[in-house]
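S.K.: Structure, please.
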Amino acid sequence: MKKSLSLLCVLGCFAQPVWAAEINTLDALVQPEFKLFSEDMGAALSYKAVIPAEPLGITGFDLGLEVTSTEMKSSALWSKATGGGSALSSLIVPKLHVHKGLPLNIDVGAFYSAVPTTNIKLYGGELRYAILEGGVALPAVAIRGSVSKLTGVDQLSFGAKGLDISISKGFAMFTPYAGVGRVWVDSTPLATTGLTKETFQLGKVFVGGNLNFGLMNLALEYDKTGSAQSYSAKLGFRF
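M.R.: Numbering: from 1, shown residues only. You can find the predicted model right below:
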């Protein structure tokens, strides 16, 4: 448990970027650059559940603090979009996550995020149905629909919708999982000159593992959305 808490503290430090970067100069981008910038945003801000496929059950609950680091494939564009800030190699997004089990192998989840030193605020949720709930011999298989919505950035209306299928199998306290899916992104510049809305799709693959220590829970996940890689850690309580 102490090691898990130490890991979260370290991640929390990285979640306080040294670059102060508010997205407020999107009109410095030309249309192809805005598309690349939006693809980076899609990879970083689209929904990441960081949870196995197995349902929580009607009394189940999962609450955790998550930190996700996503590489920016077009890092230099962040300098233009933020009025001359530093180029950004990775975007660190901390989130408060909550999942609740419902009857009929259905789970719901939600998150909220405010990225330090930026004007990025984000919220979203998921609805997940376990086709197979899993057991001693069988894995769990689930389909998930998700949404994410950006707020706080006056010059950008941004949202992402996702659909994926995942599989997991518990082995004592450890549950590995993996999945594939698709992300649909709508990125609309507001009050900017010469830029138009970008709508596109990104492929998604992810793999992770969940460690349960009684009530304490640690989940780690690797995600590739489009061409950008993300690494997530979530520490919290699961029962």
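
S.K.: The helix or strand hosting G181 - what's its average pLDDT?
M.R.: Here G181 sits within strand 174-189, counting by DSSP states H and E. For strand 174-189, mean pLDDT rounds to 97.

S.K.: what helices or strands is it leaning on?
M.R.: Here strand 174-189 touches helix 31-45, strand 156-168, strand 198-213, going by 3 or more Cβ pairs under 8 Å, 6 or more residues apart in numbering; DSSP states H and E. Any C-beta I mention is one placed from the backbone N, CA and C, and that applies to glycine too.

S.K.: Hey, what's the angle from it to strand 156-168? Just curious.
M.R.: Put simply, strand 174-189 runs at 160 degrees to strand 156-168, going by axes from the mean of the first three to the mean of the last three Cα atoms, to 10 degrees.

S.K.: Any buried residues in strand 174-189, and which?
M.R.: Neighbour counts using 16 or more other Cβ atoms under 10 Å place 175, 177-179, 181, 183-185, 187-189 of strand 174-189 among the buried residues.

S.K.: Closest to the mean position in this structure, which residue would that be?
M.R.: With distances taken as Cα atoms, centre = their mean, K48 lies nearest the centre of the chain, 3.3 Å away.

S.K.: On the three-state scheme, that residue is what?
M.R.: coil (DSSP: H, G, I helix; E, B strand; the rest coil).

S.K.: per-residue confidence at W19?
M.R.: At W19, the model reports a pLDDT of 50.

S.K.: Next: the one 3 residues further on.
M.R.: The score at E22 is 89. That number is its pLDDT.
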